[in-house]
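Trainee: I'd like to go over a predicted model; first the sequence, then the structure.
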Amino acid sequence: MESEAPTPIDPATIAAFWQAFSEAEASLHALPLRERVEQGNELLEQHLSGLALELSGGAEDEVVDLIVTAHGSSDRFPLLMQVVAAAPRLRHHRVRAFRERTRQPDFPIGMDGFELSTAEVLIALGQDDGQAALEIRFGREIPQDFQDHARNMAFIMIDHVLGEYDFAVKVGAVDFVEESLDPDAEWTPLSLLPPVFDRYWVEALGRTGEFPTGEHEWDGMTLVFGGADGDGAEPRDEAIVMINRSANPVAMRADLAYALILDLAVADGDELEAVRDLQDQAATLLELPQLGILAYTMTRAGRRKAVYYVGDESMAKQALAPLLLRDEAESLELSVTFDPAWSGYFEFAVH
C-alpha cells in the first residue's frame with residue numbers, strides 16, 4: 001500500500017555514523033567476521049534505528065561487502081537507501097543496499113531441533129493484483145508440533161532465496177496450503193525458484209524492466225463515490241481515471257519507488273486542457289532521460305491529479321522546475337509517497 005514518504009533523517013546524523021564507521025574501520029577489519037558484524041551494528045544503533053549491517057565475504061578477504069538491511073521492513077527502505085547513498089569510499093568494505101539473493105539456494109536451516117531444507121519447500125506462483133502470489137506446501141511430512149516452526153523457517157528461506165527487496169516488494173499474498181486450488185499449478189522447490197520467479201515476472205506479468213517507446217497505451221474508467229440519489233448517503237461524486245498500460249513493464253523497478261503527484265485545479269474545460277498539457281509536458285521531461293514515468297491520472301471534484309513514478313525525488317523536481325513556475329501551476333499541490341509496489345497504480349490497472 002502506498003504510504004507517505006518518511007521524513008528523511010537529518011543528513012548530519014547519517015554522516016556522523018559513516019564518520020564513526022570510517023574511524024573504526026581498520027580495527028573492525030582486524031576482528032573475526034562475527035565480531036565485526038556485532039561491533040558494526042553497535043555503531044549503527046548509536047546513530048540510526050530500524051536498520052542492520054551484515055557482511056558477505058571471507059574472513060581473510062581484503063575487501064568484503066557491507067550490506068545495509070531493513071530485514072524486509074519496506075517502510076524503512078527510504079532510510080536504507082539514504083544511508084547507502086551517503087556512504088563514503090571505504091578501504092575494506094563495498095557498501096550495498098538490501099540483502100541480496102544467496103548464491104547457494106539449496107540449503108537447510110534448523111530451529112529447536114527441527115531441520116528443513118529449501119528443496120523441501122514447494123512454491124506455486126500466481127498473481128495478486130500487480131504482485132506475485134506464492135502458494136507454499138511442504139514436500140515432506142511436518143510433525144504437528146513443528147508446523148509453526150516450518151512456516152517461519154519457510155519465510156526466512158524465501159527472504160534469502162529471492163532477496164530482501166524482491167520478497168518485500170514483488171511478492172504479495174503468501175498462503176500455506178495442503179493442495180493448490182489450481183489443479184494445473186506448477187510446483188517448484190524453493191531451491192530452484194529464482195529463475196522460475198524471474199521468468200514468471202517477465203513472461204506472465206510483463207515486467208521486462210524496459211521503458212516503453214513510441215505512443216503509450218491508455219485505458220480509462222469512471223469511478224463513482226458516494227451513495228445513489230435519495231438513499232441518504234453522501235452525494236455522488238464521479239472520478240475519471242486514465243491508466244498508462246505501457247508503464248507496466250517498469251512497474252516496481254527499484255529505481256522507480258516514489259510516486260510523485262502533481263495535483264492541479266481545473267475549473268472549466270479550458271483550464272483542464274492547460275493542466276493536461278502541463279502534466280503531459282512533465283511526463284516528457286521525466287521520461288526522456290528515464291527519470292520517471294506517468295502512470296495514471298485522476299480527474300475528480302475540480303482537480304486533476306497526475307502520478308509519476310520516479311527514483312530520485314530531488315532530480316525529478318529539478319527536471320520539472322521550469323514547468324512549476326508557469327501560471328497554470330499556481331494551484332499546484334505537489335506531494336511524494338513511497339510506493340515501491342506501485343499499489344496506487346495497480347489499484348486501477350488490474351481492472
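Mentor: Arrived safely. Residues are numbered from 1 along each chain as shown.

Trainee: in the stretch 1-150 of the chain, which spans are strands?
Mentor: 3-4, 52-56, 64-69, 93-97, 108-111, 114-117, 121-128, 131-138 (DSSP state E, counting those that start in this stretch).

Trainee: who wins for proximity to Ile261 among those?
Mentor: strand 3-4 (11.0 Å; Cβ to Cβ). Just so you know, the C-beta spots here come from the backbone N, C-alpha and C atoms, and that holds for glycine as well.

Trainee: after the helix or strand that Asp277 is a member of, which helix or strand is next?
Mentor: Using DSSP states H and E, the element containing Asp277 is helix 269-287. The helix or strand immediately downstream of helix 269-287 is strand 292-300, counting by DSSP H and E.

Trainee: report all helices and strands that that next one contacts.
Mentor: If you count contacts as 3 or more Cβ pairs under 8 Å, 6 or more residues apart in numbering; DSSP states H and E, strand 292-300 packs onto strand 237-244, helix 269-287, strand 303-310, helix 343-349.

Trainee: helices and strands around the helix or strand just after the first one, which ones?
Mentor: It stands for strand 237-244. Using DSSP H and E, the helix or strand that follows strand 237-244 towards the C-terminus is strand 258-265. With contacts defined as 3+ Cβ pairs under 8 Å, 6+ apart, strand 258-265 has these neighbours: helix 269-287, strand 303-310, helix 313-324, strand 333-338.

Trainee: rewinding a little: quick one, which of the helices and strands packed on strand 292-300 is nearest to Ala132?
Mentor: Closest among the helices and strands packed on strand 292-300, using Cβ to Cβ: helix 343-349, at 12.2 Å.

Trainee: now that closest one, how far from the centre of its chain.
Mentor: 14 Å (Cα atoms, centre = their mean, to the nearest Å).

Trainee: one step back: helices or strands next to the helix holding Asp277 in the packing?
Mentor: Using 3+ Cβ pairs under 8 Å, 6+ apart, helix 269-287 is in contact with strand 258-265, strand 292-300, strand 303-310, helix 313-324.

Trainee: now do it: everything it contacts.
Mentor: 211, 262, 264-266, 291-294, 297, 299, 304, 306, 308, 310, 316, 319-320, 323, 326, 328-329 (Cβ atoms under 8 Å, 6 or more residues apart in numbering).

Trainee: can I have that helix written out in CSV, keeping just the CAs?
Mentor: Extracted C-alpha coordinates of helix 269-287, given in CSV (Å, rounded to 0.1, in the frame of the first residue of the first chain):
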residue,chain,number,x,y,z
GLY,A,269,-12.7,22.9,-20.0
ASP,A,270,-10.1,25.5,-20.9
GLU,A,271,-8.3,25.1,-17.6
LEU,A,272,-8.5,21.3,-17.9
GLU,A,273,-6.8,21.5,-21.3
ALA,A,274,-4.0,23.7,-19.9
VAL,A,275,-3.5,21.4,-16.9
ARG,A,276,-3.4,18.3,-19.1
ASP,A,277,-0.8,20.0,-21.3
LEU,A,278,1.4,20.8,-18.3
GLN,A,279,1.2,17.3,-16.9
ASP,A,280,1.9,15.8,-20.3
GLN,A,281,5.0,18.0,-20.6
ALA,A,282,6.1,16.9,-17.2
ALA,A,283,5.8,13.3,-18.4
THR,A,284,8.0,14.1,-21.3
LEU,A,285,10.7,15.8,-19.2
LEU,A,286,10.8,12.8,-16.9
GLU,A,287,10.5,10.0,-19.5
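
Trainee: the nearest residue to Asn41 once chain neighbours are set aside: neighbour count?
Mentor: In space, and not counting its chain neighbours, Asn41 is closest to Leu53: 5.3 Å by Cβ to Cβ, 6 or more residues apart in numbering. Residues lying near Leu53 (other Cβ atoms under 10 Å) number 22.
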